[in-house]
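1. structure for this input, please:
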Amino acid sequence: MLRDQVTTLRFDGYVLDKIPINNRIGQGDPLSMVLYQYYNADLIDIPKHKEEDAKAYVDDTFMLASAKDFPSAHCKLADMMCRENGVVNWTKTHSSPLKYLKLVLINFAHSCKNVGNPPLYLPRRTVQPSKSTKYLGVYFNRNLNWKVQQAYAVEKGTKWVVQIRRLTQPIWGITPKFVKGLFTSVILPRVLYTVDVWCTLTNVDYTGPKTVSSAGAIKKMTSMQRASALAITRGLCTSPTDTLNASSFLLPASLIIKKWCIRAFVRMATLPIDHPLFKPVNWKRTRATKRYRRPLHMLSNLTNTDMRKMEKIPTFGWNPSSLGELPFSISIPGNKEALAQEAENAMEEIQAFIDSSAQGGKVRAATILIRNHRPNCMLHYHLGPEAEHTVHEAELVGLL
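-> Residues are numbered from 1 along each chain as shown. The predicted model follows:
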């Protein structure tokens, strides 16, 4: 797979000599994501029992063991590490030495249960437990809450707001238009990354205690957005928050978070039937779950929509070599005779004919869809008088 492969490094206009690659995958290789699926496949197959599980994303892998107490769970983890064809054996056969300093242990338990926090004993090293760790950009806490991740998101957003405020000096700073662009394109994606997982929102009709939601985190994000609105509008520090949001054309922080959450859930609702998330999202009891509610259950109740009735977007394979090529062809014959002859000799299974006209002071557009073994479909639309519309506009309407 890596035979006869080389790589080079370039910095400050200087290019190093070619370096042969005898192991691993070169940085920047577009096939890295695909090749890692095969490279880590054996790690996923290590768990053999019901209480054992393993997941991997590129080079980030975790092992999970469930038991009544931590010593029993640690025995299962140690067995997965040291068994035949286990993690230690995989690192030797795949030329990837295991670095014990990078191992992280989290003993997940409910905050109301005092079950201790013992370390994990391996043959070569003892792994001390951690209260939280970062996996794929999200902090996981041993008490199964998102307080650490929420604090991390607020801290990260505050740092970015401070940097943007430095760029908005009255004399040499950037204009408010570009400040808002930085806020919507840089700060929001970084702060609200996986917000549908770690931020719990309640429905409008919810009348229970507010402690079940992420009210504290939302309040801090409101303050962060207020600082950004001040940088955009260059207003006074005593200006009301609602006025700053309206002047900078920003939604309130709570509505922005809700918008991101609903958008993420709608994307999951349109997944095809062969996707792993199709079954849990479209399960009829997802919204009816009362106990041990997960972020997916919260989002389902927040949208108040039956996801089974939403249209699913199928997936199709795409040849990378045909990148930039249109999956259809366009032909514009010069006259009606040429059009009739071309339509008669066409071999495509799907054909669409579009035309527009401006006659009698009215502008119209028409489209005909022809498919094999199906009845023809025709749509026509009247745009209005010729004084208000053009034929080119009617052509665009026909394409739509």
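
2. ranges for the helices of the stretch 301-400 of the chain?
-> Along the stretch 301-400 of the chain, counting by DSSP state H, counting those that start in this stretch, helices occupy 336-345, 391-399.

3. repeat for the stretch 151-300 of the chain
-> Residue ranges of the helices in the stretch 151-300 of the chain, as given by DSSP H, counting those that start in this stretch, are 176-182, 188-191, 195-198, 215-233, 241-247, 253-269, 278-281, 295-303.

4. rounded mean pLDDT for the first one, please.
-> So that's helix 176-182. In this model, helix 176-182 has a mean pLDDT of 88.

5. and that helix, what other elements does it pack with?
-> Using 3 or more Cβ pairs under 8 Å, 6 or more residues apart in numbering; DSSP states H and E as the contact test, the elements touching helix 176-182 are helix 215-233. (Each C-beta comes from the backbone N, C-alpha and C, glycine too.)

6. got the contact list for the helix it packs on?
-> Defining contact as Cβ atoms under 8 Å, 6 or more residues apart in numbering, one finds that helix 215-233 is touched by 150-151, 153-154, 157-158, 161, 164-165, 168, 176, 179-180, 183, 187, 191, 199, 235, 237, 239, 241, 244-245, 247-248, 250, 252-254, 256-257.

7. ditto for stretch 193-204
-> Outside stretch 193-204, the residues touching it (Cβ under 8 Å, 6+ apart) are 137-138, 146, 149-150, 153, 208, 210, 212-214, 217-218, 254, 257-258, 260-261, 264-265, 295, 298-299, 301-302, 304.

8. please apply the same query to stretch 268-287.
-> When contacts are taken as Cβ under 8 Å, 6+ apart, the neighbours of stretch 268-287 outside the stretch itself are 265, 296-297, 300-301, 305, 307-308, 310-315.

9. surely Asp59 and Gln37 touch.
-> No. At 11.4 Å, Asp59 does not count as touching Gln37 under the criterion of Cβ atoms under 8 Å.

10. which stretches in the stretch 301-400 of the chain count as strands?
-> 350-359, 362-371, 377-385 (DSSP state E, counting those that start in this stretch).

11. got those as TSV, with mean neighbour count columns?
-> Written out in TSV, the entries for these read as follows (neighbours: other Cβ atoms under 10 Å):
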stretch	mean neighbour count
strand 350-359	14
strand 362-371	17
strand 377-385	13
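
12. I'd like these laid out as TSV, including mean pLDDT.
-> What follows is the strands of the stretch 301-400 of the chain, written out as TSV (pLDDT from 0 to 100):
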stretch	mean pLDDT
strand 350-359	83
strand 362-371	86
strand 377-385	85
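
13. most packed of the helices of the stretch 151-300 of the chain?
-> Using mean count of other Cβ atoms under 10 Å, the stretch among these with the largest mean neighbour count is helix 195-198, at a mean of 22.

14. could I get that one in CSV with only the CA atoms?
-> Output in CSV follows, covering the C-alpha atoms of helix 195-198 (Å, rounded to 0.1, in the frame of the first residue of the first chain):
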residue,chain,number,x,y,z
VAL,A,195,-24.0,21.9,20.5
ASP,A,196,-26.8,19.4,19.8
VAL,A,197,-25.0,17.0,22.1
TRP,A,198,-23.9,19.0,25.1
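
15. can we start the residue count at 671 from this point?
-> Sure thing, new numbering starts at 671, so read that last one as helix 865-868.

16. stretch 1002-1012: how far from the chain's middle?
-> Relative to its parent chain, stretch 1002-1012 has a centroid offset of 46 Å by Cα atoms, centre = their mean, to the nearest Å.

17. can you list contacts of that stretch?
-> With Cβ under 8 Å, 6+ apart as the contact definition, stretch 1002-1012 has outside contacts at Ser1001.

18. now the strands of the stretch 971-1070 of the chain in JSON lines, with distance to Ala735?
-> As requested, the strands of the stretch 971-1070 of the chain are arranged in JSON lines below (distance: least, Cβ to Cβ, whole Å):
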{"stretch": "strand 1020-1029", "distance to Ala735": "53"}
{"stretch": "strand 1032-1041", "distance to Ala735": "54"}
{"stretch": "strand 1047-1055", "distance to Ala735": "57"}
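
19. out of these, which is closest to Thr796?
-> The closest of the strands of the stretch 971-1070 of the chain to Thr796 is strand 1020-1029. By Cβ to Cβ, the value is 64.6 Å.

20. could you figure out how far that closest one is turned away from helix 1061-1069?
-> Inter-element angle recorded for strand 1020-1029 and helix 1061-1069: 150 degrees (by axes from the mean of the first three to the mean of the last three Cα atoms, to 10 degrees).

21. how distant is strand 1020-1029 from the center of its chain?
-> 39 Å.

22. kindly format the C-alpha coordinates of that strand as PDB.
-> Once side chains and other backbone atoms are set aside, the C-alpha atoms of strand 1020-1029 remain, and they are given as PDB (Å, rounded to 0.1, in the frame of the first residue of the first chain):
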ATOM      1  CA  ILE A1020     -34.400  10.900 -18.400                       C
ATOM      2  CA  GLN A1021     -34.900  14.000 -20.600                       C
ATOM      3  CA  ALA A1022     -36.100  17.500 -19.700                       C
ATOM      4  CA  PHE A1023     -37.300  20.100 -22.200                       C
ATOM      5  CA  ILE A1024     -37.500  23.700 -21.100                       C
ATOM      6  CA  ASP A1025     -38.700  26.700 -23.000                       C
ATOM      7  CA  SER A1026     -40.000  30.200 -22.300                       C
ATOM      8  CA  SER A1027     -41.900  32.800 -24.400                       C
ATOM      9  CA  ALA A1028     -43.300  36.300 -24.300                       C
ATOM     10  CA  GLN A1029     -46.400  36.600 -26.400                       C
END
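
23. noted, bye for now.
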